[in-house]
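Asker: predicted coordinates and the sequence they were generated for:
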Amino acid sequence: MNNPIIRRELVGVLRNWRTAAAEIIFTMTLIGVVLLRWPTNAQVSLSGRQAQEMLRLFGYAFMTAMILIVPAFSAVSIVREKQAGTLALILNTPLSPWSVFSGKVAAISGVIALLMGLSVPAAAACYAMGGVSLRVQIEPLYLLLALASLEYTVVGLYISTRSNRIDAALRSTYATVFALVALTVIPQEFAQGRLTGLPAQVCQWLAAFSPLPAILQVFGQSGVTHAGNMSAGSAVLRYVVVSIVVILWGTRATLQRLNSGLFDRPRSAGTITDESSGGVQAYRRVMYLWFFDPQRRSRLIGPLTNPVMVKEFRTSRFGRSHWMMRMIGACLIVSLALMLAAARGSEVVNTRTMGAILVILQSALIIIMTPGLAGGLIAGEIESGSWQLLRMTPLSARSIVLGKLLSVGRTLLLLLLATLPGYAVMLVIDPNEKTQVVEALVSLVIMAVFALLASAAISSFSRRAATATATAYGFLAVLCAGTLLAWLGRGSLFGFTLVDWILRLNPVAATLAAIHAPGFGHYGLIPLTWWIMAYGCGLAVVVLVLRTWRLTRPQ
Amino acid sequence: MNGEYVVQTENLTKKYGEFTALDGLTIQLEKGKILGFIGPNGAGKTTTIKILVGMALPTAGWAKITGIDCSTRSREIKKLVGFMPDTFGGYDNMRVHEYLDFFGAAFAIPRAKRQKRVDEALETTGATAMRDLFVESLSHGMKQRVAIARTLLHEPPVLILDEPANGLDPTARVEMRHILLNLAAMGKTLIVTSHILPELARICNMVAIITGGKLRAFGTLDQIMHDVREKRMIEVQLAAREDVAKAAATLTAVLGPQAQVQESLAEGMVRFTTTQNDAALVRILAALVDAKIAVAQFRDVPQNLEDAFLSVTQAAQAPGKADGEKIAAGGGRA
């Protein structure tokens, strides 16, 4: 504890009531998971099957919690200090960048270690049932989760040094962690047993960026969607190697950025294309197709336009037209590439599988983008002090809320529309999928609206954008990923009816069920999930309107 | 409009539970005047401002701007008041003209007029050169100018500025002073809070001193200075430093043992405070001369707004002072 950063960070975090709440929820969840499957009679399976299943569920729940909790601490750690001006003070002390970095890593690791300590009784319960190996399963599981936590801590800190806004840091970190955990597994998952040689090796090493294959191997499973034998080679070893490489790279990159150079940036010169030379104007007009030039002098807000909506577009990075076009272009290319792969290589993949991947990517886009865009809608204004300026304008609470919701809603709609060509190609390949595609699209739209309204409602309760954004991410992740834990334990731990009931709360599961994705085709989630989401939207609207009205009325 | 007053408050009171943030504030302000609203931290300035701009409701009393009640018609008040809070309230990735365009649109200024209004506001505040800069890249002084430009967009008759000179360098402070005086010359009525009292003294026609939620002094600067001058400080510059002790003893003998006499050997000076009038001062000077002390200067140290403020706040804290007693009152009208 000689490092003052550790003392300040760790004590500060542990004193926070939110940390205590997270610890309690975490412990209760793990206890709940174990109790749910604890034998109700005096009989225990001699094969240890029940204990194995319980350990798997415990492991997945633990990993989900780590993925949710670690970025919330690491992503904001440096960017918050940058904004408050305390990072400049710290860098002006004799503390080396290593001391600052190691202090922050140690503090976050301390919280994670505490959570791991709290999880020990649940793991011990699995062990006590018999049939679970301490050396082969429990210890490697803890090692993998500790390594994953350290990796995401370092990645989060690096992103934090690169970000200037807390919401952007959170969004980027959650997106990166999601990509590392889930996206890297997709090529191997769908090409397993079908590819050989170098392509198979590439897929395996790409999957080694995710802890999932390693954890599956520890549990004696081969894939997410089906049980079976262990995959060839040691996934655990590969993950250990890759994560250590990522940690070392992240440490070096973060240390290189942790110096006064962070603040050595010139002020923007406010360059405007309209006032540049003829050559520059012509070049930029061609390159940015005129309308998308970020340096173009913007036009005045129109008479029939909600000024708050335009303001949100102008202040949000993804609201700016050139960034929006980049995002739309990327979505368009990915969706078409997936369908092209489906059309050309029917042996390896089929349209239904590609549809499932498309749905997963769109859902991920919604879950990653929406809290980042909507989590700070109200809280960000309150935090920056601009809320009282808005209150001083004749704008009604309704106009303010509507403008804010429309700005995020339009961005999400454009992104979803950009992925439609993929479905169009899918229908050309297999016209019989029309009903499934329509249901999947309806589910996606409902999911986007629900995510938007829920994030905005959460935002209205907080005075800090980071808290609101992290809470919105946590809520959506628990809803969309947490409930999938029941699906992972389907058949063995949980019966069909219980899984079906739990999945009704999950809009991602509903969309996957609509497209008849592998493992989801048997669940009848539609239209019940739509109704549940619609009621959720209604509740979020009521909460949002009431909170905004309360925030705009005189004290 | 009620009479000639643009801003009026009557017995304005605000309580948060048991805590009284504002206690019976009564002030009036005429068109084109600048009111310096001063008080220590937590005195009730921000509460008063919040009520005036319609962001808080009074527990008792009323506040009006151009005759319109601030609590019952807060929507109309927003169009009458330009409010600059102590925080800038900027947005990232936004240029200055976009920022002002947004607030212009929020105040429903028609598009055809908005560009002109933005240009005029920037010109009035000397911020025209900043129109294409990003708001977050502005220096503190630049932000203050843009913030004032923002308050001018909808052409309100009353401007309420919370700490406009806070954190500005001397040059920017002088420029800010000129901006505020120009606004008053344009017929705007200004309420300005500041902790930089010498700066405030240079621009204000009226001063209100508030402590503990109560109005302690209100009037023109001259009235305040006159009323708070309960004690005068006299400076006696001696020709010879060795006379300092003798002069101090003489003054103590004349003024009595309770007198506050300060010796400064380094300066060759003696200072004392007194409530006595000019005739008494003549007798004190004569006593020094009679004691064969060579007096180079004998002068009344001029008091400024800072002294007046300290005098008022200290008197308010003094035991035995009636809780609601106003120490200086300049008639309550401007």
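Answerer: Arrived safely.

Asker: chain A contacts on the stretch 101-250 of chain B?
Answerer: Residues of the stretch 101-250 of chain B lying near chain A by C-beta under 8 Å from any C-beta of the partner chain: B:101-108, B:110-111, B:114-115, B:130, B:132-134, B:137, B:150. All C-beta spots, glycine's among them, are computed from the backbone N, C-alpha and C.

Asker: and the residues you listed, which of them are buried?
Answerer: Listed as buried from those are B:101-107, B:114, B:130, B:132-134, B:137, B:150; burial here means 16 or more other C-beta atoms under 10 Å in any protein chain shown.

Asker: average pLDDT for stretch B:296-306?
Answerer: With pLDDT averaged residue by residue, stretch B:296-306 scores 80.

Asker: and for stretch A:213-227?
Answerer: 69.

Asker: equivalent analysis for stretch A:35-55, please.
Answerer: Averaged across stretch A:35-55, the pLDDT comes to 70.

Asker: buried residues in the helix or strand where residue A:72 lies?
Answerer: Using DSSP states H and E, residue A:72 maps to helix A:49-84. Neighbour counts over helix A:49-84 (16+ other C-beta under 10 Å) mark A:50-83 as buried.

Asker: same question for stretch A:477-492.
Answerer: Using 16+ other C-beta under 10 Å as the test for burial, stretch A:477-492 gives A:477-490, A:492.

Asker: what about the residue nearest to residue B:59 when sequence neighbours are not counted, how many residues close to it?
Answerer: Sequence neighbours aside, residue B:15 is the residue nearest to residue B:59 in space, at 4.5 Å (criterion: C-beta to C-beta, 6 or more residues apart in numbering or on different chains). Residue B:15: 14 surrounding residues under other C-beta atoms under 10 Å in any protein chain shown.

Asker: can you confirm residue B:15 is in a helix?
Answerer: No - using DSSP: H, G, I helix; E, B strand; the rest coil, the secondary structure at residue B:15 is strand, not a helix.

Asker: may I have the beta-bridge partners of it?
Answerer: Taking DSSP bridges as the rule, residue B:15 bridges to residue B:20.

Asker: pLDDT at it, what is it?
Answerer: 89.

Asker: quick check: it touching residue A:555?
Answerer: No - look at residue B:15 against residue A:555 with C-beta atoms under 8 Å: they stay out of range, at 11.8 Å.

Asker: identify the contacts common to these two.
Answerer: By C-beta atoms under 8 Å, 6 or more residues apart in numbering or on different chains, residue B:15 and residue A:555 have no common neighbours.

Asker: OK, contacts around residue A:412?
Answerer: The contact partners of residue A:412, taken as C-beta under 8 Å, 6+ apart, are A:366, A:369-370, A:373, A:448, A:452.

Asker: circling back: what subset of the buried residues of stretch A:477-492 is also close to chain B?
Answerer: By C-beta under 8 Å from any C-beta, no member of these lies near chain B.

Asker: the stretch 51-200 of chain B: helices as residue ranges?
Answerer: Counting by DSSP state H, counting those that start in this stretch, the stretch 51-200 of chain B has helices at residues B:74-80, B:96-106, B:111-124, B:140-152, B:170-185, B:197-203.

Asker: what stretches of the stretch 101-250 of chain B score poorly on pLDDT?
Answerer: Along the stretch 101-250 of chain B, segments meeting pLDDT under 70 span B:226-230.

Asker: kindly report the same for chain A.
Answerer: For chain A, the stretches flagged by pLDDT under 70 are A:1-2, A:37, A:39-48, A:189-195, A:221-233, A:266-267, A:290, A:319, A:341-350, A:492-493.

Asker: close to chain B: what parts of it are there?
Answerer: Contact residues, chain A versus chain B (C-beta under 8 Å from any C-beta): A:164-165, A:267-272, A:275, A:297-298, A:300-303, A:305, A:307-308, A:310-311, A:314-317, A:320, A:384-395, A:554-555.

Asker: what about whatever residue of the stretch 401-550 of chain A ends up closest to chain B, which SS state?
Answerer: Using C-beta to the nearest C-beta, the single residue of the stretch 401-550 of chain A nearest to chain B is residue A:403, 9.7 Å away. Following three-state DSSP, we place residue A:403 in the helix state.

Asker: what about the residue nearest in space to the middle of chain B, is that helix, strand or coil?
Answerer: Residue closest to the average C-alpha location in chain B (C-alpha atoms, centre = their mean): residue B:36, at 2.9 Å. Assigned by three-state DSSP, the conformation of residue B:36 is strand.

Asker: assess the claim that residue A:456 and residue A:406 are in contact.
Answerer: No - under the criterion of C-beta under 8 Å, residue A:456 is not in contact with residue A:406, lying 11.2 Å apart.

Asker: so for the two, which sits in the more crowded spot?
Answerer: For the pair residue A:456 and residue A:406, the greater number of neighbours falls to residue A:456 (30 against 18), based on other C-beta under 10 Å.
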